[in-house]
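>>> fold the stuff below for me.
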Amino acid sequence: MVVCRRSTNRIGLDAGFSLLELLLVSILLTTMGAITAGFFGQARASAAGNANIRKVESLLKLGRETAINERRAIVVTFTPPNRVRLTRLNIPIGTTLVGETFLENNMTFMLFGGQPDTPESFGRTTAVDFGAATQIMFTAEGTLTDQTGNPINGTVFIGQTGVPMTARALTVFGPTSTLRSYKWNGSSWRH
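Next comes the predicted model:
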């Protein structure tokens, strides 16, 4: 009879991971973490830009609809760095606050150097550009006008200081109050 003995010598199997293997795994995890953090940081900033331009757009839609429904002028006021306010002009006198919003996540009305005007070219002299208008308002007919009742076009630019990828723009075509939002993609405005 032949007896086979198994060797219980397990040198090399119980030794664990080598220093080189641990170092490679550590480098891989650090690299993946850095890439992920950078991606999520940009995604978070982009989402903040989208959310804030939607807030401005929603408030302007509310202003137009309220002006039409209540047959009263609704004044739109942009107050730097981040406030938009709607005020109804009452008859015979007085005003009533209709709505108000503030940009969040360090977003402000701002222009970034090197970025062109939107495709509509309504203006880019200031972050809130409605030409020479000293007051802008929605009329009972739904038109966006200046203080003398003339239809006006304009653009509102927002972003986070130092983060050009957060740049957003909202244009308003005065005669119909058509709103169009844009996102900066690094080289041009996209609708």
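
>>> for the residue positioned nearest the centre of the chain, give its distance to residue 79.
For the chain, the residue sitting closest to the mean C-alpha position, by CA atoms, centre = their mean, is residue 49 at 1.6 Å. Separation of residue 49 from residue 79 (CB to CB, to the nearest Å) stands at 20 Å. Heads up, the C-betas are built off the backbone N, CA and C, glycines and all.

>>> before we move on, what about residue 178?
On the measure of CB to CB, residue 178 and residue 79 end up 24 Å apart.

>>> swap in residue 177?
Taking CB to CB, one finds residue 177 at 21 Å from residue 79.

>>> secondary structure element for residue 62, which one?
Here residue 62 is covered by helix 19-70, with elements defined by DSSP states H and E.

>>> list the helices and strands that helix packs on?
Packing contacts for helix 19-70, counted by 3 or more CB pairs under 8 Å, 6 or more residues apart in numbering; DSSP states H and E, involve strand 74-79, strand 83-89, strand 95-102, strand 107-109, strand 136-138, strand 154-160, strand 163-173, strand 178-184.

>>> rewinding a little: please name the nearest non-neighbouring residue to the residue nearest to the centre of the chain.
Closest residue to residue 49 apart from its sequence neighbours, by CB to CB, 6 or more residues apart in numbering: residue 166 at 4.0 Å.

>>> what is the burial count for that neighbour?
Applying other CB atoms under 10 Å, we find 27 residues neighbouring residue 166.

>>> contact partners for it?
Neighbouring residues of residue 166 by CB atoms under 8 Å, 6 or more residues apart in numbering: 45, 46, 48, 49, 107, 158, 159, 160.

>>> on that earlier part again, compare residue 177 and residue 79 (neighbour count), which wins?
Shown here are residue 177 and residue 79; by other CB under 10 Å, residue 177 has more neighbours (22 against 12).

>>> now for the more buried one: which residues touch it?
Contact analysis of residue 177 by CB under 8 Å, 6+ apart lists 60, 64, 138, 142, 143, 144.

>>> of all those residues, which two lie farthest apart?
Spatial extent of the contacts of residue 177 (CB to CB) is set by the pair 60 and 143 at 13.0 Å.

>>> so those two - more neighbours on which side?
Shown here are residue 60 and residue 143; by other CB under 10 Å, residue 60 has more neighbours (23 against 20).

>>> grab the nearest non-local neighbour of the more buried one.
Leaving aside its sequence neighbours, residue 60 sits nearest to residue 179 (CB to CB, 6+ apart; 6.0 Å).
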